[in-house]
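Peer 1: with the sequence up front, the predicted model follows.
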Amino acid sequence: MERERLGSRLGFILLSAGCAIGIGNVWKFPYMVGQYGGGAFVLFYLFFLIILGIPVMTIEFALGRASHRSPVKLYNVLEKSGQKWHLHGYAAMAGNYLLMMFYTTVAGWMLHYFFFMAGGTFVDTDVESVGNIFGNMLADPYGMIGFMIVVVLLGFGVCSRGLQNGLEKVSKVMMLALLAIMVLLAINSILLEGAGEGIRFYLLPDFNRMLNLGIGNVLLGAMTQAFFTLSLGIGAMAIWGSYIGKERALLGEAVNVGVLDTFVAFISGLIIFPACFAYGVSPDSGPGLIFVTLPNIFNHMPAGRIWGSLFFVFMFFAAFSTVMAVFENIISCCMDLFGWGRKKACYINAVMMIVLSLPCAVGYNLLSGFQPRGAGSTVLDLEDFLVNNLFLPLGSLVYVIFATSRYGWGWDKLVAEANQGKGLKIAQWMRLYMTYVLPVIVLIVFFLGL
């Protein structure tokens, strides 16, 4: 069976960025900036994105393009006879399933909140009531399961239409709409009275604030956020490499995806921090920032119901772009592994995904007594820990060692593949860094995350 191809370079960049752009950018990045003191965190985040995220992404793209296979089968093409690297392919496939087991539920929250906001649920509510609305949503198993199922069916529905007619077409429209809505929301926030203080907090590094929080804490936060924002280590980027031609060098493409990913995170901050300061709300309110703090802000804003509805459309698009991209990864793995057609892979995985996502969807209600990571923790916390702290760093480590070492694919083959085509290329001086320093940094991220 001939492998499908993406129709355009724009499609490749938007799909790769769509996979990277997700809840980490629009939810986690702003609240981490708030918790870690603003501008100084942003500065170190960008530094780690360049030295850590971009090289690993380039490697994933190269492995995908050289093999023309999904993550579960790419090693079978590239490894030497008798080697066991391909075992990581199964772990990568499992990592995609595990990621979606909680991501579908959180994407459902975004959709749920859009209907809350558009339907006027938050109108005339006070701070306590908004908190109760979030708590009641989590406590309702039917709502949680229902919205999760909608997300799963929508995602596989798009993927079942094919790579170019489904995924690429929908992603282009959705990502461009996402960027337009973001810019509109950011302009609205910046123009609020009193927004200047929020912009200064966000963009001007305050190293005294950083010292108070502990330099090590801020650096660790920036390093882990830069690493996890790109969904590296489970083949989520390798899959897009397998669908493209040799016209462009891959380091340049990784930079383009990284820039788009960072742009979305950056603009999210411009939406949130000016609004927080304009309405006297603390920017370090953690994970509740999106679901409790922001609805209160929209309540006080002129035309807040419209702005709030737009905000949660944007949030849903950001989450759903990742859902579609990872579903494509899962479908491609099943097609390679079992020889299924695309439609069959979609039908079977839609049913499996709904079943696998149930524990997270009912983790806040029917399974609330199950607290796997200590008092107050949920199924989502466990699944999130396994993906972010085990699968992503260890998977990235395997990709980097395989691609750069003579016991794997090897540096020369990596460079030959990555540098084909026009654009930014891997230079020979990077060999020492990518072969010896990069694995150590990834290991540090892994051990600090445990």
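Peer 2: Thanks, I have the structure now.

Peer 1: isn't C333 up against Y90?
Peer 2: No. Using CB atoms under 8 Å, C333 is not in contact with Y90, being 9.1 Å away. C-beta: built from backbone N, CA, C; applies to glycine.

Peer 1: anything in contact with each of these two?
Peer 2: Common neighbours of C333 and Y90 (criterion: CB atoms under 8 Å, 6 or more residues apart in numbering): V72.

Peer 1: who has more neighbours out of the two?
Peer 2: Using other CB atoms under 10 Å as the criterion, C333 and Y90 rank with C333 on top: 26 against 14.

Peer 1: mind showing which ranges of this protein have poor pLDDT?
Peer 2: Applying pLDDT under 70 to the chain picks out residues 1-2, 285-287.

Peer 1: what sits against the nearest residue to Y364 once chain neighbours are set aside?
Peer 2: Counting by CB to CB, 6 or more residues apart in numbering, L138 is the residue found nearest to Y364 once chain neighbours are left out, at 3.8 Å. By CB under 8 Å, 6+ apart, the residues touching L138 are M144, Y364, N365.

Peer 1: secondary structure class for the second one?
Peer 2: Assigned with DSSP: H, G, I helix; E, B strand; the rest coil, Y364 falls in the coil class.

Peer 1: wait, it touches G376, no?
Peer 2: No. Y364 lies out of contact with G376 (CB under 8 Å); the separation is 11.1 Å.

Peer 1: looking at the two, which is more packed in?
Peer 2: Higher neighbour count among Y364 and G376: Y364, with 19 against 8, using other CB under 10 Å.

Peer 1: what about the more buried one, distance to F311?
Peer 2: Per CB to CB, to the nearest Å, Y364 is found 23 Å from F311.

Peer 1: what of L438?
Peer 2: From L438 across to F311, the span is 37 Å (CB to CB).

Peer 1: and what of M335?
Peer 2: As for M335, its distance to F311 is 37 Å (criterion: CB to CB).

Peer 1: do the same with G7
Peer 2: 31 Å.

Peer 1: and what of N349?
Peer 2: 31 Å.

Peer 1: repeat that for V127.
Peer 2: When distance is defined by CB to CB, V127 is 18 Å away from F311.

Peer 1: comparing G7 and F311, which residue is more hemmed in?
Peer 2: Of the pair G7 and F311, F311 is the one with more neighbours under other CB under 10 Å, namely 30 against 15.

Peer 1: what about the more buried one, which SS state?
Peer 2: Look at F311: counting by three-state DSSP, its state is helix.

Peer 1: hang on, it packs against L185?
Peer 2: Yes. If you go by CB under 8 Å, F311 and L185 touch, sitting 5.9 Å apart.

Peer 1: all helices of the stretch 1-150 of the chain, in order?
Peer 2: With helices called from DSSP state H, counting those that start in this stretch, the stretch 1-150 of the chain shows them at 9-20, 23, 29-35, 39-48, 54-67, 74-78, 87-118, 127-139, 141-160.

Peer 1: CSV please, covering those and showing distance to D384.
Peer 2: Formatted as CSV, the helices of the stretch 1-150 of the chain follow (distance: least, CB to CB, whole Å):
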stretch, distance to D384
helix 9-20, 17
helix 23, 10
helix 29-35, 14
helix 39-48, 20
helix 54-67, 20
helix 74-78, 26
helix 87-118, 6
helix 127-139, 15
helix 141-160, 15
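
Peer 1: that'll do, ta.
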